[in-house]
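> okay, sequence plus prediction incoming.
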Amino acid sequence: MSDSAAPGLGDSELLQAHKAALAAAGKNPMLSPETGKPVPKKTLFRFGASFLAFGVLWMSGLGIVSIVLLPEHLKQVPGIAPEALMGIVNACTAVASLVSNLLFGNFSDRSRSRYGRRTPWVLGGAVLGGVTLFLTGMTTNPVLLTIVYCLCMFGLNCMIAPMVAILSDRVPSGVRGTLSAFYGAGSTIGSPIGSLIGAALVTHMFTGFMLAGVLMFLGGVVAILIMPKEGSGAYLPKDEGTLMGVLKSFHP
């Protein structure tokens with residue numbers, strides 16, 4: 001429940017309205033869990049366009065690097081076979097992706113920012129992911145390259161986990177499948193676009209890595225700009241859990 005939707009209410013009133021909206025959405029799959037009211041088609045279109053743009057942009061940026069430029073760049077790394085280094089990088093980034101997706105999903109659940117629970121994480125991930133994706137192509141040190149690329153996965157999942165959570169936070173359950181398909185379609189479209197751009201820039205590596213970083217960054221920023229503004233989460237009760245409690249929450 002956003003502050004703008006209920007001006008003048010205190011935190012306790014906003015929390016009660018939030019709980020009422022969730023209860024109403026639980027009974028009627030076409031009501032918003034954010035407001036407890038039907039969602040206009042224009043708003044649903046904005047959510048769909050946001051998820052589509054997000055998938056296209058981040059996947060295009062990552063595709064430029066992971067599919068085309070990174071294998072070529074690894075050939076310039078001295079002292080190790082590019083195939084072996086690619087295997088090491090892939091293994092490390094797989095672990096980084098798994099951990100970071102759980103981590104940032106968990107942290108965004110516990111956020112109480114006046115800018116919203118998810119928005120700050122998406123924007124922060126856009127910056128981290130975009131900068132580190134570019135920097136991946138700026139070093140031939142195998143250890144540093146692997147670390148930077150893993151940080152890119154942290155940035156990417158810092159966007160993905162909160163974006164997926166927005167589906168349950170703000171979208172009626174009756175249309176979540178449709179809107180999640182927009183995100184899936186965006187990712188499917190973005191992959192070949194990234195491959196084509198990467199192939200065109202394979203002889204211009206600096207430009208290719210820079211463009212990839214920009215696209216990754218724009219993925220989070222454009223998605224937030226298109227999506228209806230998220231309301232403040234400052235009225236939600238603060239999480240009093242300990243670090244051990246956070247770690248235990250990762251248990252299936």
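Yes, it's here. Computed from a predicted model, the values in this text were never measured in an experiment.

> what packs against the helix or strand harbouring Cys158?
In this assignment (DSSP states H and E), Cys158 forms part of helix 142-170. Helix 142-170 makes packing contacts with helix 41-63, helix 82-109, helix 119-136, helix 176-200, helix 205-226 when contacts are defined by 3 or more CB pairs under 8 Å, 6 or more residues apart in numbering; DSSP states H and E. The C-beta positions use only the backbone N, C-alpha and C, and glycine is treated the same way.

> for that helix, which positions count as buried?
142, 145-167, 169-170 (16 or more other CB atoms under 10 Å).

> and for stretch 17-35?
For stretch 17-35, by 16+ other CB under 10 Å, it's Ala17, His18, Ala21, Leu22, Ala25, Leu31, Ser32, Pro33, Glu34, Thr35.

> same check, this time on stretch 177-185
Within stretch 177-185, the residues that count as buried by 16+ other CB under 10 Å are Leu179, Phe182, Tyr183.

> same question for that stretch, mean pLDDT?
Mean per-residue pLDDT for stretch 177-185: 93.

> that one: how far from the chain's middle?
14 Å (CA atoms, centre = their mean, to the nearest Å).

> ok, and what's touching it?
Leu44, Phe47, Gly48, Ala49, Phe51, Leu52, Phe54, Gly55, Met163, Val164, Leu167, Val171 (CB atoms under 8 Å, 6 or more residues apart in numbering).

> any idea of the pLDDT on the residue nearest to the spatial centre of the chain?
Nearest to the geometric centre of the chain sits Met159, at 1.8 Å (CA atoms, centre = their mean). Note on Met159: pLDDT of 97.

> what does Met1 give?
51.

> now the residue lying farthest from the centre of the chain, nearest residue through space, not along the chain?
Centroid-distance maximum for the chain: Gly79 at 35.0 Å, with CA atoms, centre = their mean. Nearest non-adjacent residue to Gly79, counting by CB to CB, 6 or more residues apart in numbering: Pro142, 7.4 Å away.

> and that neighbour, how far is that from Val131?
20 Å (CB to CB, to the nearest Å).

> isn't there a helix covering Glu13?
Yes: if the criterion is DSSP: H, G, I helix; E, B strand; the rest coil, then Glu13 is within a helix.

> please report the distance of Leu133 from Lys41.
Taken as CB to CB, the span from Leu133 to Lys41 is 35 Å.

> the more surrounded of the two?
Using other CB atoms under 10 Å as the criterion, Leu133 and Lys41 rank with Leu133 on top: 32 against 8.

> give the contact list for the more buried one.
Gly61, Leu62, Val65, Cys152, Gly155, Phe209, Ala212, Gly213, Met216.
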